[in-house]
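> Only the shape, not the letters, is given here:
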């Protein structure tokens, strides 16, 4: 097969095909059978047959089932990556003749022309599958003028696009559910259902174009990602307020330098980091446990590994609430139980109708951090005040209300902030009943609950100096409703934008929030260039949001399987030694030492 390239085949492609043949290893029939079983158990074949219509005429040389088997085998051999050239080489030349016969794959000669014939079959079938799930009105892999793009978008059928978006979501769910099937029963039995939702940037293979230029990129649904703020392209739409840097909150900004003409220098333009998509990932993690090893230095088998259960792609920084909610609602429909859900600052900066209220209606309990301008008192109803996500007595002292704001402004130190946060607990409204089906809940005044002493409620007085004494502020209108009654009813819409299930900053909040946030950040191991390399563009070489989603979900499914396999091999079950050594025990920061401006300095 050496020598010059055959007629009609470019020399560089001929050399690439030669290199691929040199690397080829014939797959064992048992591995092909395992891939067949995996695809058959996933339910993907009947799902795709419902909407991938291949038309009439000459029968295709490849079935949808066989294509999915080839895609799965490619991920197993090439670290989760799907490249159609590799899929072609596997199906037509990398498995035994018996396996090809059982899958109905025709024989093609093992030379360049034979490969190109097989590649055309694979490529046509893949794009037929992709087209049936493409939610975009714009064609990929060609440069469109903005006028043509606007005309195609206006002429598109919204219902047809919504149906294709639904199909794409179903495809991702079936594939991810198949990857976690070995632990599906354990997820229902052992896990508390908690999740972290976060968007991670991934490159697309297309070259980015100027945002306001005359043409779109060949991947028209992608966009520029910037590291700062909400990650949206500042040239495409007005950027929202910048989110708070994680470790620099409270530091005073330096005044802008003046130019030669006496005017303030303009702010530095945000650097565009990559051209691609935001992949909104839902990563499951039991919020009750740290990844603490047992005494024999093996993982606890009751603490399952963090796994991706849902994914949705969109332009960077666009619609974080919509994409996160789409993933969560589909998880509930698939039977996953709800628990705590943590997201970064983009999510609790959404409008309540787009994120906060629907998330609570699904049964999830949100936990948040806040931007600088969201700290302190956030809302008020019936006299009760919402401070950093929790409802409190209106007479809670100002130093407690403004504790986090004062810490950021360096008016108090970190030790003082920790004491003030702990002192808030006495002033918290206490639940009298569980929430009703609509989310309404009766909440007791802390004096009626025996947590503080209040002169308005005489029965609370004289119960001991260990209970704080509140000092209600006199008002011509009299005490507010929360002070006149033992309890009030809080509707879910009241303070919905900032409400959360745990008291901000206390030890329980720290455990849940950081465990969940660390789980989704820890899933960056799938970005490893020696593994799935999900951020790299070269691992997904087909443009368009549908193709990028399909290829990415195969990578994420492979990462799930890899993580489950590694976890199982480190367990010591039935007194047997694990097959492999686990990771070293992590040195975690002690609870109660965290503050919004950093951990307390170690003593001694």
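Received it, and whenever you're ready, just let me know what you need. Please read these numbers as outputs of a predicted model, since none were measured by experiment.
> How far off centre is the longest helix along the chain?
If you go by DSSP state H, the chain has its longest helix at helix 545-569. Counting by CA atoms, centre = their mean, to the nearest Å, helix 545-569 is centred 14 Å from the centre of its parent chain.
> does residue 142 really touch residue 218, like I thought?
Yes - judged on CB atoms under 8 Å, residue 142 makes contact with residue 218 at a distance of 6.2 Å. Every residue, glycine included, has its C-beta placed from N, CA and C.
> which one of the two has more residues nearby?
Neighbour comparison, residue 142 and residue 218: the larger count goes to residue 218, with 20 against 12 (by other CB atoms under 10 Å).
> ok, the more buried one - contacts?
140-143, 206-207, 543 (CB atoms under 8 Å, 6 or more residues apart in numbering).
> how would you label it: helix, strand or coil?
Secondary structure, DSSP: H, G, I helix; E, B strand; the rest coil: residue 218 is coil.
> I'd like to know how far it sits from residue 208.
For residue 218, the distance to residue 208 equals 10 Å [CB to CB, to the nearest Å].
> those strands in the chain, which residues are they?
Ranges of strands within the chain are 195-203, 223-226, 272-284, 307-314, 340-343, 365-367, 377-381, 384-387, 390-392, 430-431, 441-444, 487-490, based on DSSP state E.
> Could you dump those into JSON lines with mean neighbour count, mean pLDDT and distance to residue 155 added?
Shown next, in JSON lines, are the strands of the chain (neighbours: other CB atoms under 10 Å; pLDDT from 0 to 100; distance: least, CB to CB, whole Å):
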{"stretch": "strand 195-203", "mean neighbour count": "25", "mean pLDDT": "92", "distance to residue 155": "30"}
{"stretch": "strand 223-226", "mean neighbour count": "24", "mean pLDDT": "89", "distance to residue 155": "22"}
{"stretch": "strand 272-284", "mean neighbour count": "23", "mean pLDDT": "90", "distance to residue 155": "24"}
{"stretch": "strand 307-314", "mean neighbour count": "24", "mean pLDDT": "95", "distance to residue 155": "22"}
{"stretch": "strand 340-343", "mean neighbour count": "28", "mean pLDDT": "94", "distance to residue 155": "36"}
{"stretch": "strand 365-367", "mean neighbour count": "22", "mean pLDDT": "96", "distance to residue 155": "39"}
{"stretch": "strand 377-381", "mean neighbour count": "16", "mean pLDDT": "97", "distance to residue 155": "44"}
{"stretch": "strand 384-387", "mean neighbour count": "24", "mean pLDDT": "98", "distance to residue 155": "47"}
{"stretch": "strand 390-392", "mean neighbour count": "24", "mean pLDDT": "98", "distance to residue 155": "50"}
{"stretch": "strand 430-431", "mean neighbour count": "15", "mean pLDDT": "95", "distance to residue 155": "53"}
{"stretch": "strand 441-444", "mean neighbour count": "19", "mean pLDDT": "96", "distance to residue 155": "48"}
{"stretch": "strand 487-490", "mean neighbour count": "19", "mean pLDDT": "96", "distance to residue 155": "47"}
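> and the ones you listed as JSON lines, adding distance to residue 34?
JSON lines is the format used below for these (distance: least, CB to CB, whole Å):
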{"stretch": "strand 195-203", "distance to residue 34": "29"}
{"stretch": "strand 223-226", "distance to residue 34": "38"}
{"stretch": "strand 272-284", "distance to residue 34": "25"}
{"stretch": "strand 307-314", "distance to residue 34": "20"}
{"stretch": "strand 340-343", "distance to residue 34": "35"}
{"stretch": "strand 365-367", "distance to residue 34": "39"}
{"stretch": "strand 377-381", "distance to residue 34": "54"}
{"stretch": "strand 384-387", "distance to residue 34": "54"}
{"stretch": "strand 390-392", "distance to residue 34": "51"}
{"stretch": "strand 430-431", "distance to residue 34": "51"}
{"stretch": "strand 441-444", "distance to residue 34": "51"}
{"stretch": "strand 487-490", "distance to residue 34": "54"}
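> What's the mean pLDDT across the longest helix of the chain?
Taken as a whole, helix 545-569 has a mean pLDDT of 94.
> just to revisit the earlier point, can you tell which of the strands of the chain is closest to residue 508?
Of all the strands of the chain, it is strand 365-367 that lies closest to residue 508, at 9.5 Å by CB to CB.
> Tell me which residues touch residue 578, please.
With CB under 8 Å, 6+ apart as the criterion, the residues that contact residue 578 are 298, 569-572.
> Could you do residue 441 as well?
Taking CB under 8 Å, 6+ apart as the criterion, residue 441 is in contact with 431-435, 489-490.
> Can you pull out the low-pLDDT segments for the stretch 201-350 of the chain?
Within the stretch 201-350 of the chain, the stretches with pLDDT under 70 are 229-230, 234, 237-272, 291.
> right, I mislabeled it, should have said the stretch 501-604 of the chain
The model of the stretch 501-604 of the chain has pLDDT under 70 over residues 575, 579, 581-588, 603-604.
> now the helices for it?
For the stretch 501-604 of the chain, applying DSSP state H, counting those that start in this stretch gives helices covering 507-522, 545-569.
> Please identify the most buried of those helices.
Ranked by mean neighbour count, the helices of the stretch 501-604 of the chain are led by helix 545-569 with a mean of 22 (mean count of other CB atoms under 10 Å).
> tilt between it and strand 307-314?
170 degrees (axes from the mean of the first three to the mean of the last three CA atoms, to 10 degrees).
> Helix 545-569 packs against which elements?
Where contact means 3 or more CB pairs under 8 Å, 6 or more residues apart in numbering; DSSP states H and E, helix 545-569 is packed against helix 64-77, helix 112-132, helix 158-179, strand 272-284, strand 307-314.
> Around the closest residue to residue 566 other than its chain neighbours, count how many other residues there are.
Nearest residue to residue 566 in three dimensions, chain neighbours excluded: residue 580, at 7.5 Å (CB to CB, 6 or more residues apart in numbering). The criterion is other CB under 10 Å. On that basis, residue 580 has 11 neighbouring residues.
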